[in-house]
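In: coords below, sequence missing:
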C-alpha cells in the first residue's frame, strides 16, 4: 500500500461561517468549486460540505449537538494539530501566501525557512477563522 490520503473531514463549530471561508481557501489550494457538494449524514447527525480534487477530498462537518459549545484546540486528545499542503516551489508558496492573506485567514508565520524542521524546509502557517491550523510547505526531499 502507498500512504496516500483519500479524504479528510474536519469538524467545524459553525458550518455556514466555515463554508464562506473555505469557499475562498480551497480554490487557492487547487480545488474546483464546481465540484463542491453538500449533504447530510443522518445516521451520524451531521451536515457536510466536501471539496473535490482528483488527489484529495476535503470536507468540513457540523458538530454533534453535545459538542457544539466546545472550544476548538489543536492540543486536545484526538484533535488535528495542523494539516500541511505541499507547494511545488518557494516561489509558488510566496504567491499562495498573498492569496491566503485575502481570505481572512490569521497568518501565524509568514513564509520563511524553518531549519528546526529541515535545512530546506520553507513554510507558511495560518489558521482559519475558528483557529484550525494549516501549513503550506515546500521542501526538496530525496
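Out: Alright, I've got the coordinates. Computed from a prediction, not measured in an experiment: that's the story for all the values here.

In: so where is this structure shaky, pLDDT-wise?
Out: Within the chain, no range satisfies pLDDT under 70.

In: The residue nearest to residue 126 when sequence neighbours are not counted: neighbour count?
Out: Sequence neighbours aside, residue 105 is the residue nearest to residue 126 in space, at 4.3 Å (criterion: CB to CB, 6 or more residues apart in numbering). Backbone N, C-alpha and C define where each C-beta goes, glycine included. By other CB atoms under 10 Å, 21 other residues sit near residue 105.

In: repeat for residue 12
Out: Neighbours of residue 12 (other CB under 10 Å): 21.

In: which of the residues in stretch 61-77 are buried?
Out: 61, 62, 63, 72 (16 or more other CB atoms under 10 Å).

In: got JSON lines for the residues you listed, with distance to residue 37 and secondary structure too?
Out: Shown next, in JSON lines, are the buried residues of stretch 61-77 (distance: CB to CB, whole Å; DSSP: H, G, I helix; E, B strand; the rest coil):
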{"residue": "61", "distance to residue 37": "13", "secondary structure": "strand"}
{"residue": "62", "distance to residue 37": "15", "secondary structure": "coil"}
{"residue": "63", "distance to residue 37": "20", "secondary structure": "coil"}
{"residue": "72", "distance to residue 37": "24", "secondary structure": "coil"}
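
In: now, among these, which is nearest to residue 32?
Out: When the buried residues of stretch 61-77 are ranked by distance to residue 32 (CB to CB), residue 61 comes first, at 20.5 Å.

In: Quick check: bridge partners of the closest one?
Out: Beta-bridge partners for residue 61, by DSSP bridges, are residue 11, residue 48.

In: Validate this expectation: residue 98 resides in a helix.
Out: Yes - the assignment for residue 98 by DSSP: H, G, I helix; E, B strand; the rest coil puts it in a helix.

In: how near is it to residue 112?
Out: 15 Å (CB to CB, to the nearest Å).

In: So these two - more neighbours on which side?
Out: More neighbours surround residue 112 than the other of residue 98 and residue 112, with 13 against 10 (other CB under 10 Å).

In: Which other helices and strands does the longest helix along the chain contact?
Out: In the chain, taking DSSP state H as the definition, the longest helix is helix 15-28. Applying 3 or more CB pairs under 8 Å, 6 or more residues apart in numbering; DSSP states H and E, one finds that helix 15-28 makes contact with strand 46-53, strand 56-61, helix 90-101.
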